[in-house]
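Trainee: After the sequence you'll find the predicted model.
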Amino acid sequence: MSEIGYIRVSSIGQNDDRQLEGVVLDKIFREKISGKSIKRPELEKCLDYIREGDTLHVHSMDRLARNLKDLQNIVDDLTGAGVTVNFHKENLVFGGKADAMSKLLLQVMGAFAEFERSLIKERQLEGIAAAKKKGKHLGRSPSLSEKQQSEAVSMIESGKSKTKVAKHFQISRSTLYNLLKQNAIKSDLKS
């Protein structure tokens, strides 16, 4: 009987140190991938590894599943194989025989987690829309200033090779091609 941990964060920049902190585990599967992704290689490895009598520890329901249906399927498969599933944030443990109350709790808590994710996504989209309305630039800053962009286009139009122009501005050729494509679109709009 092993104590197995599954830890997931949505992006590379996020820190997973707080998940399952202080829980003594025999093996940990760590994943840095969006929960909505269908392919979760570490989760698949974890599910292949875990055996009857083991306990799977997960920080919270939303770390394990993409949605309520996914959560139910994973928990049902695990408990059906004799694995105990422990969700630490919700303080819920599922294992052995699935009684009606356990199933209800799983569905209700899973539905709340899914609803919470939807609200977060909605607020995020509202924040992005508000920022755009105020004229704030979102995303990565352009590699070249407007002046440099014009200069690069002029250099190409005067016959300089794209490779030399990219090296001159210390940008990749793909960045240069995107710039030329955007410039062509702007030219088409003006005419």
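Mentor: Yep, it's here.

Trainee: At the geometric centre of the chain, which residue do we find?
Mentor: Nearest to the geometric centre of the chain sits Ser34, at 2.1 Å (CA atoms, centre = their mean).

Trainee: if I've got this straight, that residue is in a strand?
Mentor: No - going by DSSP: H, G, I helix; E, B strand; the rest coil, the assignment for Ser34 is coil, not a strand.

Trainee: hang on, isn't it packed against Ser10?
Mentor: Yes - between Ser34 and Ser10 a contact is recorded at 5.1 Å, counting by CB atoms under 8 Å. In this view, the C-beta of every residue, glycine as well, is placed from N, C-alpha and C.

Trainee: Packing partners of the longest helix seen in the chain?
Mentor: Scanning the chain for the helix with the most residues, using DSSP state H, yields helix 100-133. Helices and strands touching helix 100-133, by 3 or more CB pairs under 8 Å, 6 or more residues apart in numbering; DSSP states H and E, are helix 61-64, helix 68-80, strand 92-94.

Trainee: For Leu179, find the nearest of these.
Mentor: The closest of those to Leu179 is helix 61-64. By CB to CB, the value is 39.9 Å.

Trainee: Just the pLDDT at Ser187, thanks.
Mentor: Note for Ser187: predicted pLDDT of 55.

Trainee: ditto for Leu78
Mentor: For Leu78, the model assigns a pLDDT of 91.

Trainee: Just give me the neighbour total for it.
Mentor: Around Leu78 there are 21 other residues, counting by other CB atoms under 10 Å.

Trainee: Quick one: residues contacting it.
Mentor: Applying CB atoms under 8 Å, 6 or more residues apart in numbering, one finds that Leu78 lies in contact with 47, 50, 56, 85, 94.

Trainee: May I see the PyMOL selection of the buried members of those residues?
Mentor: Here is the PyMOL command that selects the buried residues among the contacts of Leu78 (16 or more other CB atoms under 10 Å):
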select buried, resi 47+50+56+85+94
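
Trainee: Let me know the closest of the contacts of Leu78 to Leu105.
Mentor: Taking CB to CB as the measure, Leu105 sits nearest to Phe94 out of those, at 8.4 Å.

Trainee: quick check: domain ranges of this protein?
Mentor: 3-129, 146-190 (automatic domain parsing).

Trainee: Assign the spatially closest residue to Val165 that is not a sequence neighbour to helix, strand or coil.
Mentor: Closest residue to Val165 apart from its sequence neighbours, by CB to CB, 6 or more residues apart in numbering: Met155 at 4.9 Å. Under three-state DSSP, Met155 falls in the helix class.
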